[in-house]
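**Q** With the sequence up front, the predicted model follows.
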Amino acid sequence: MVTGAGSGIGAAIARSLVQAGAKVTLAGRRREPLKALARELPEGACLVLPGFDVTDTAAIAAGLETARAAFGPMSILVNNAGEAPSAPFEKTSLDMWTHVLSVDLTGVFNVTQAALADLKAFGKGARIVNVASTAGLTGYAYVSAYCAAKHGVVGLTRSLALELAKKGVTVNAVCPGFTDTPIIARSIAEIVAKTGRTEEQALAEFTKSNPQGRLVKPEEVADAVLWLASPGADAITGQAIAIAGGEVMTG
C-alpha cells in the first residue's frame, strides 16, 4: 500500500513498485488522480482506493479490508500522505498546527497501527517505509508545524524499528529535500503571485540550499524506497535517509 499515491512522490513510488512486480494498493483521498495513475499501470497490478483519509480510522479499516480482499495481507507499507502549508510561527493557527500533525504524523501512526498485524504475520521481508523530509532532520523557517510533524515521523520510525527488529519487519524513513512535485509547483506559483518575482527566481529559492543546485526528482525518492523494500535491505532498519543532493548529511 502507498498512501498519498495520486501524484508526486507517491505516484513515483507506486510506479516503481509495480515495475518491480508488486501488487500495489493506490490509496488517497481523491479518486481521479488515482484512476489516472492506474490507467498507466498494467491491468491487475493495482487497486484504486479513493476516500482513504489517514486521519479517519474507520476509513483506514475499511480500506485495508478492501485491499486484503483484492491482494491478500499487506507486506509493504509506504506512508507517503502529507501536507506542507507554510506560515510564520506567530501566524500559525492552532487549526493549522493540529491539521498538519494529524495528517503528517498521526496519519502515519493510524495507518501503521492498522496494518501492523499483516506485516508482523508476514515476518521477514515485511517493510514499512515512511516518507519524511529533510524537515525531519533539520529546521526550516515558516513551516514549524511541518518540521515538528516530520521530526515526529523520524522518531516514530526509529522507535518502531526497535520494536519490530526481531519480527523481521524493517522500518525506515526517506527524507527528500525540495522535490519536483505539484506541492513545489504551487509554492512557486504563490511566490510569483505574492512577490512579483519570475518563476525562475522563485525556483532559485528552493534550489539554492541544494549543493547540486536542483530539485530532487520523485523517481530518485522512489528508487530509494524500492531498495529499502528489496531483500538486499534486510539489515537496514531505523534509518532516516536524506535524498537531498547533499543539503543535509546524516551521521
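**A** Arrived safely, thanks for sending. Numbers count the residues shown, from 1 in each chain.
**Q** For the chain, just list every one of the strands.
**A** 2-3, 24-27, 46-49, 76-79, 127-131, 170-176, 240-243 (DSSP state E).
**Q** Just say which of those strands is most tucked in.
**A** Ranked by mean neighbour count, the strands of the chain are led by strand 2-3 with a mean of 32 (mean count of other CB atoms under 10 Å). In short, each C-beta sits where N, CA and C put it, glycine included.
**Q** ok, back up a step: for the strands of the chain, which one sits closest to Ala117?
**A** Closest to Ala117 of these is strand 76-79 (CB to CB; 11.8 Å).
**Q** To Tyr142, which of the strands of the chain lies closest?
**A** Comparison of the strands of the chain against Tyr142 by CB to CB identifies strand 170-176 as nearest, at 18.2 Å.
**Q** what are the ranges of the helices in the stretch 151-251 of the chain?
**A** 182-195, 199-207, 218-228 (DSSP state H, counting those that start in this stretch).
**Q** Switch those helices over to a markdown table; also include mean neighbour count, distance to Leu101 and mean pLDDT.
**A** Shown next, in a markdown table, are those (neighbours: other CB atoms under 10 Å; distance: least, CB to CB, whole Å; pLDDT from 0 to 100):
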| stretch | mean neighbour count | distance to Leu101 | mean pLDDT |
| --- | --- | --- | --- |
| helix 182-195 | 14 | 18 | 86 |
| helix 199-207 | 15 | 24 | 89 |
| helix 218-228 | 21 | 22 | 98 |
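**Q** So which of the ones you listed is nearest Pro73?
**A** Among the helices of the stretch 151-251 of the chain, helix 218-228 comes nearest to Pro73, with 19.6 Å by CB to CB.
**Q** so what secondary structure elements neighbour that closest one?
**A** Applying 3 or more CB pairs under 8 Å, 6 or more residues apart in numbering; DSSP states H and E, one finds that helix 218-228 contacts helix 8-19, strand 127-131, strand 170-176, strand 240-243.
**Q** Kindly recompute the last result at 6 Å.
**A** helix 8-19, strand 170-176, strand 240-243 (3 or more CB pairs under 6 Å, 6 or more residues apart in numbering; DSSP states H and E).
**Q** can you list the ones you listed in JSON lines and add mean pLDDT and distance to Pro88?
**A** JSON lines is the format used below for those (pLDDT from 0 to 100; distance: least, CB to CB, whole Å):
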{"stretch": "helix 8-19", "mean pLDDT": "97", "distance to Pro88": "25"}
{"stretch": "strand 170-176", "mean pLDDT": "98", "distance to Pro88": "24"}
{"stretch": "strand 240-243", "mean pLDDT": "97", "distance to Pro88": "26"}
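**Q** Just put the ones you listed in JSON lines and tack on distance to Ala121.
**A** Formatted as JSON lines, the helices and strands packed on helix 218-228 follow (distance: least, CB to CB, whole Å):
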{"stretch": "helix 8-19", "distance to Ala121": "20"}
{"stretch": "strand 170-176", "distance to Ala121": "15"}
{"stretch": "strand 240-243", "distance to Ala121": "26"}
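**Q** Looking at these, spot the one closest to Asn79.
**A** strand 170-176 (9.0 Å).
**Q** and the angle from the closest one to helix 8-19?
**A** Counting by axes from the mean of the first three to the mean of the last three CA atoms, to 10 degrees, strand 170-176 lies at 130 degrees to helix 8-19.
**Q** Distance from strand 170-176 to the middle of the chain?
**A** Centroid displacement of strand 170-176 relative to its chain, using CA atoms, centre = their mean, to the nearest Å, is 9 Å.
**Q** what do you get for stretch 146-155?
**A** Taking CA atoms, centre = their mean, one finds the center of stretch 146-155 at 12 Å from the center of the full chain.
**Q** in it, what counts as buried?
**A** Counting neighbours by 16 or more other CB atoms under 10 Å, one finds that the buried residues in stretch 146-155 are 146-154.
**Q** Closest one to Arg127 out of those, please.
**A** Nearest to Arg127 among these, with distances taken as CB to CB, is Val153, at 15.7 Å.
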